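Engineer: No sequence on hand, only this structure:
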């Protein structure tokens, strides 16, 4: 089918842009969704010039759930078959819960949780019908632990991990695949928007290009879930031997200075 497109949310900057380039390099046409038209236009121009694929762009803010249906309306109007869906858009916010802007937290849930839920639901039907498809969800190691001072973000990634694993099981016996990527902190625009400099100053974050390379490798292996970083794997393994309260206290020290 020449109407196959890889849909990437947040695909015009950071990790999303790195993934966009890698999918384009493999000959995939792209539909990039972002709220930033400047980034979208620059990504379209650069990718089409270098990789000779068709790049469609759609300026939508997916932290507003009224825009979810507009994505489906666009792909229907252009007769696209979304054979790859990459849910990469998301943001965090390091703030004491009592001081959080509730509207911002609700927007975070819309973007980090509800947008992937909606897009997966509407495109998985065609994937199963066409016996072809792959969903790549960019989650986080934050989804495995409570996160004092980043409570909403950690909870949103726990939601994404759980819904993705459940869908993965439901897809058993089909030719549609689910891959969940769980990196630790990496270099992107996330840190400034999340006000999370403290965590990043404590560690050596990976470049987004490295995270993209590992994500694509696991994508092609049809890996169910992959935690990026040896230290993250070790922490996740040993966390099962400690109380939930202990893990929560350690998490708090990684996010905010006492």
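Structural biologist: Perfect, thanks for sending it. For clarity, every value in this text was computed on a predicted model and none was experimentally measured.

Engineer: what bridges to residue 227?
Structural biologist: For residue 227, the beta-bridge partners are residue 182 (DSSP bridges).

Engineer: pretty sure it contacts residue 235?
Structural biologist: No: judged on C-beta atoms under 8 Å, residue 227 makes no contact with residue 235 at a distance of 9.2 Å. All C-beta atoms are positioned from the backbone trio N, CA, C, and that covers glycine.

Engineer: buried sites along the lengthiest helix in the chain?
Structural biologist: For the chain, the helix with the greatest residue count under DSSP state H is helix 151-170. Neighbour-count burial for helix 151-170, counted by 16 or more other C-beta atoms under 10 Å, picks out 151-161, 163-164, 167-168.

Engineer: go on, stretch 86-100?
Structural biologist: 86, 87, 88, 89, 90, 91, 92, 93, 94, 95.

Engineer: for the fifth one, what are its contacts?
Structural biologist: The reference is to residue 90. Applying C-beta atoms under 8 Å, 6 or more residues apart in numbering, we find residue 90 in contact with 10, 108, 111, 112, 138, 156, 190.

Engineer: The first one too?
Structural biologist: By C-beta under 8 Å, 6+ apart, the contact set of residue 86 is 6, 7, 8, 9, 11, 16, 19, 23, 135, 136, 138.

Engineer: Residue 23 versus that one, what's the distance?
Structural biologist: 8 Å (C-beta to C-beta, to the nearest Å).

Engineer: Which neighbours do those two have in common?
Structural biologist: 6, 8.

Engineer: Can you name the residues that contact residue 126?
Structural biologist: Contacts of residue 126 by C-beta under 8 Å, 6+ apart are 81, 82, 133.

Engineer: distance of the closest residue to residue 23 other than its chain neighbours from residue 184?
Structural biologist: Nearest residue to residue 23 in three dimensions, chain neighbours excluded: residue 6, at 4.8 Å (C-beta to C-beta, 6 or more residues apart in numbering). With distances taken as C-beta to C-beta, residue 6 is found 25 Å from residue 184.
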